[in-house]
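**Q** Generate a structure from the sequence data that follows.
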Amino acid sequence: MYLHKVIPLILVLIPLAGFVPDVCGQGRSNLQSDVRTDLASALRVIRPLLREDAQRAIQMLEKLNKEYPGHSQVLVLLGEAYRVVGDVDSAREAYETCQRFHPANLQAGTALGLLYVQGDDVAKGDAVFRDLLERTKYGVNTYRMIGSALSRNGFFAQALRYYEEGRDRNNSNYVLTLDIAYMQKSVGNLQGSLIEYLRVIETSPKQHRLVKTRIMDLLRVPDADHDELFNVLRTHGDKNTPYRRIVMEILASGYLERGMLEKALEMALLAGQQKGSDGSVLFVLAGQAVQEYQRREGLERTRYFDLGLRALEAYLDGYPDARDVPRAKLMLIDLLVDLASGRAKSHPDIDLDAVVIRALQALDWLITSFPGTDYAEQAYLKKGDVVFRIQKRPQEALKIYTDGMQNARFYPTNFAERLGRVYLVTEEYERAKEHFSQLVKSKNKELSETGVFYNGLLLTFMKQYEAARDSLTGLAESNPASQFTNDAIHLAWVIEEGLQGDQRVLDRFVKALRLEIAGDTTQAISELTGIVDSPETTPLRARSLVKLGELYESLGEHDKALAVLRKFVEQYPQDARLPDVHRKVARIHEQGYSDKRLALKTYEDILISFPHYIFLDEVRADVKRLRETLGEAP
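**A** The predicted model follows:
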């Protein structure tokens, strides 16, 4: 009748089934030292049999019990074996025998008491537990073992009583609060669990990291009353205690995960005012706000921009020596550059020239403070981009890129590309030709491929279209795994298509590419719009629609991007690039509007409508990822 309760108890006691000395070190057999190895080997053989062949295990254990009468581990395993086969009386006898030889043995005493409780003799079970507690001097491990055995077998009220008694008996037993909190969560009392975890924060400084993790788990429970849990935390955080910072950091993390960024920032700033704060929560918050800014639209985009800016500034001001300061500086610089370039909107009275100067000062600080590092190379690249694309000072940008490339270890290809782009945009074609020729001769494969690709781009800008097409095609055919292969194929097709019609259209498309490289996205859009306004049969018009959509998306103008891409779908329903365009639309729904359901539907439509699409595996991965995010079946 007790067989259905056997397995939970085995799970509680299974670590005890191996050969180890008695818990309290009592009653060691006189033969144990001599036969330790043989007995341990036998127990290792028997242990798996508890699940596989319990009757055989009983036979072997009974034999061992005769050879080594009173050995604790033999008797404990024998009791468990009898429980597996449902022989509760024999199990009880084995545990009682063990207790006669070893009165303070935790495994036998706990298992025996639990047998009585499961048999509805709660009073007898409590008597066994009380005797065990007395013999072990009311040790915390005894309370934990009794409480764990009871709670895992569904006797939560009794378990709670023992946990609380153990905690109240001695301040050093306060570790039991963790067990109480976990048990409260197990029975669905999340508020009670939270209160217990907060008590741990007040009494056990060494447990703070674990407790923060456990509380965050509570806040993630799907059907919980999250408002009530946050109210409990706020009430506790309002108290002027030495541990207020920890509560504020938990609140900041909790609000952050729920997308309540204003409240998260408020709590992170309050945490920063407390002693001992390292600013890590504030840094994570800043990163999340920046991510949201990059994929939002309109007023929401502006709100997240301002939030990210405030969080980064607070982090850098409050924690100047923190380990993530370089990363925070780079994120701040990116925001300032977006603001100065018009990609981000903020207060209309902001002096954009001052914003650029501030960004350049931060970049100089990184270059000076971290020479020879990844951070310094990124700073060189970003500084050159600011000077080239925003300040429109190409010669100064050339010097910055050149200085950065001299000792570049992390981004040599990026520096090589930047130098080449400046030469192309300023139409210094002879210098560009020399630069690309040197790259082609490089022993570094990536640098060599960079030279080949950009030499094809140089020929394109010089309107030597057929030579450019052949060069780009050669790169794609000879180096199919090159990072430039897709771009080379695309540009070669642009040239081929453009040569089929009016070359002035091709000239205009190439001019748009040059403007894009120069950072003049507005003028690039103007050139492409001129092509899009042409008749539908005009060569390069379809490509111009796709490119126009990409440029609008890069500016965060998702409505315009969708409108252009939908026009492509309507006007070119048989175009081979149709599935690519649908993927771009799906990405805008997901990243631009955070509409994961509509993005999922779009990806699923691609699977159905384009079964031979070469990137079908990637689309399947997107579908799986979004279904998991939305909690839907795969």
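**Q** Before we move on, what's the pLDDT of the residue of the chain most remote from its centre?
**A** Residue farthest from the centre of the chain, counting by Cα atoms, centre = their mean, is Lys66 at 56.9 Å. Reading off the per-residue confidence, Lys66 sits at a pLDDT of 90.
**Q** what does Phe509 give?
**A** Taken from the predicted model, the pLDDT recorded for Phe509 is 97.
**Q** Check which helix or strand it maps to.
**A** Taking DSSP states H and E as the criterion, Phe509 maps to helix 503-517.
**Q** need the next SSE after that helix, C-terminal direction.
**A** Sequence-wise, the next helix or strand beyond helix 503-517 is helix 521-532, with elements assigned using DSSP H and E.
**Q** centre of the chain versus that following helix, how much separation?
**A** Here helix 521-532 shows a centroid-to-chain-centroid distance of 38 Å under the convention Cα atoms, centre = their mean, to the nearest Å.
**Q** Please apply the same query to stretch 100-118.
**A** From the chain centre to the centre of stretch 100-118 is a distance of 45 Å (Cα atoms, centre = their mean).
**Q** In that stretch, which residues are buried?
**A** By 16 or more other Cβ atoms under 10 Å, the buried positions in stretch 100-118 come out as 101-118. (Glycine included, C-beta is placed from N, CA and C.)
**Q** Ok, stretch 304-315 next?
**A** Neighbour counts over stretch 304-315 (16+ other Cβ under 10 Å) mark Tyr304, Phe305, Asp306, Leu307, Gly308, Leu309, Arg310, Ala311, Leu312, Ala314, Tyr315 as buried.
**Q** hang on, the earlier thing: can you spell out which helices and strands pack onto the helix holding Phe509?
**A** For helix 503-517, the contact count by 3 or more Cβ pairs under 8 Å, 6 or more residues apart in numbering; DSSP states H and E identifies helix 412-425, helix 445-461, helix 485-499, helix 521-532, helix 541-554 as packing neighbours.
**Q** okay if I get the ones you listed as a markdown table plus mean pLDDT and mean neighbour count?
**A** Listed next are the helices and strands packed on helix 503-517 as a markdown table, based on pLDDT from 0 to 100; neighbours: other Cβ atoms under 10 Å:
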| stretch | mean pLDDT | mean neighbour count |
| --- | --- | --- |
| helix 412-425 | 96 | 22 |
| helix 445-461 | 95 | 21 |
| helix 485-499 | 95 | 18 |
| helix 521-532 | 95 | 19 |
| helix 541-554 | 94 | 21 |
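**Q** Make TSV out of these and add distance to Pro371.
**A** Putting these into TSV (distance: least, Cβ to Cβ, whole Å) gives the following:
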stretch	distance to Pro371
helix 412-425	16
helix 445-461	23
helix 485-499	33
helix 521-532	33
helix 541-554	32
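**Q** Can you check which of those gets nearest to Val175?
**A** Shortest separation from Val175 across the helices and strands packed on helix 503-517 is recorded for helix 412-425, at 52.9 Å, computed as Cβ to Cβ.
**Q** Please work out the angle formed by the directions of that closest one and helix 503-517.
**A** The directions of helix 412-425 and helix 503-517 differ by 130 degrees, with axes from the mean of the first three to the mean of the last three Cα atoms, to 10 degrees as the criterion.
**Q** Following element in sequence after helix 412-425, please.
**A** Helices and strands here follow DSSP H and E; after helix 412-425, the next one along the chain is helix 429-440.
**Q** on contacts alone, who are the packing partners of that following helix?
**A** Of the remaining helices and strands, those touching helix 429-440 by 3+ Cβ pairs under 8 Å, 6+ apart are helix 412-425, helix 445-461.
**Q** Now Phe101: phi and psi?
**A** Summarising the backbone geometry of Phe101 under the convention degrees, to the nearest 10, its torsions are phi -80, psi -40.
**Q** Excluding chain neighbours, give the residue nearest to it in space.
**A** Here the nearest residue to Phe101 in space, its sequence neighbours aside, is Gly70; by Cβ to Cβ, 6 or more residues apart in numbering that works out to 3.9 Å.
**Q** Contacts for the helix holding Phe509, please.
**A** Among residues not part of helix 503-517, those counted as contacts by Cβ atoms under 8 Å, 6 or more residues apart in numbering are 421, 424-425, 460-461, 463, 465, 494-495, 498-499, 521, 523-525, 527-528, 530-531, 534, 538-540, 543-544, 547, 551.
**Q** same question, stretch 350-358
**A** Residues external to stretch 350-358 that are found in contact with it (Cβ under 8 Å, 6+ apart): Leu336, Leu339, Ala340, Val386, Ile390, Gln391.
**Q** Can you give the distance of that stretch from its chain's centre?
**A** 34 Å.
**Q** quick revisit: of the buried residues of stretch 304-315, closest to Asp487?
**A** Distance ranking of these against Asp487, using Cβ to Cβ, places Phe305 first at 30.4 Å.
**Q** So the closest one, which state does it fall into?
**A** Classification of Phe305 by DSSP: H, G, I helix; E, B strand; the rest coil places it in helix.
**Q** Of the contacts of stretch 350-358, which pair is most distant in space?
**A** Spanning the widest gap among those are Leu339 and Gln391, at 14.4 Å by Cβ to Cβ.
**Q** Run the chain-centre distance for stretch 462-475.
**A** When distances are taken as Cα atoms, centre = their mean, stretch 462-475 is centred 43 Å away from the chain's centroid.
**Q** and it, what's its mean pLDDT?
**A** This predicted structure assigns stretch 462-475 an average pLDDT of 95.
**Q** mind saving the C-alpha coords of that stretch as CSV?
**A** Extracted C-alpha coordinates of stretch 462-475, given in CSV (Å, rounded to 0.1, in the frame of the first residue of the first chain):
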residue,chain,number,x,y,z
MET,A,462,35.3,54.8,-62.6
LYS,A,463,32.5,53.5,-64.9
GLN,A,464,34.7,50.7,-66.3
TYR,A,465,31.7,48.5,-65.8
GLU,A,466,32.6,45.4,-67.9
ALA,A,467,36.1,45.2,-66.3
ALA,A,468,34.5,45.6,-62.8
ARG,A,469,31.9,42.9,-63.5
ASP,A,470,34.6,40.4,-64.6
SER,A,471,36.8,41.2,-61.6
LEU,A,472,33.9,40.8,-59.1
THR,A,473,32.7,37.6,-60.8
GLY,A,474,36.2,36.2,-60.7
LEU,A,475,36.4,36.9,-56.9
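**Q** Residues in contact with that stretch: which ones?
**A** In contact with stretch 462-475 (Cβ under 8 Å, 6+ apart) are residues 429, 449, 452-453, 455-460, 482, 484-485, 488-489, 491-492, 495-496, 498-499, 503, 506-507, 510.
**Q** Stretch 271-291 too?
**A** Counting by Cβ under 8 Å, 6+ apart, the neighbours of stretch 271-291 from elsewhere in the structure are 242, 244-245, 248-249, 252-253, 256, 261, 264-265, 267-269, 304, 307-308, 311-312, 314-315, 318-319, 322, 324, 327-328, 331, 334-335.
**Q** who's in contact with Leu307?
**A** Under the contact definition (Cβ under 8 Å, 6+ apart), the residues listed for Leu307 are Leu261, Glu262, Leu265, Ala289, Tyr293.
**Q** roughly how far apart are the second one and Gly254?
**A** Taken as Cβ to Cβ, to the nearest Å, the spacing of Glu262 relative to Gly254 amounts to 14 Å.
**Q** who's more crowded, those two?
**A** Gly254 (22 against 11; other Cβ atoms under 10 Å).
**Q** and stretch 447-454, C-alpha only, in PDB?
**A** Output in PDB follows, covering the C-alpha atoms of stretch 447-454 (Å, rounded to 0.1, in the frame of the first residue of the first chain):
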ATOM      1  CA  LEU A 447      43.300  41.600 -46.600                       C
ATOM      2  CA  SER A 448      44.000  40.200 -50.100                       C
ATOM      3  CA  GLU A 449      40.300  39.500 -50.700                       C
ATOM      4  CA  THR A 450      39.500  43.000 -49.500                       C
ATOM      5  CA  GLY A 451      41.800  44.400 -52.100                       C
ATOM      6  CA  VAL A 452      40.200  42.300 -54.900                       C
ATOM      7  CA  PHE A 453      36.700  43.300 -54.000                       C
ATOM      8  CA  TYR A 454      37.400  47.000 -53.500                       C
END
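**Q** Done for today, thanks.
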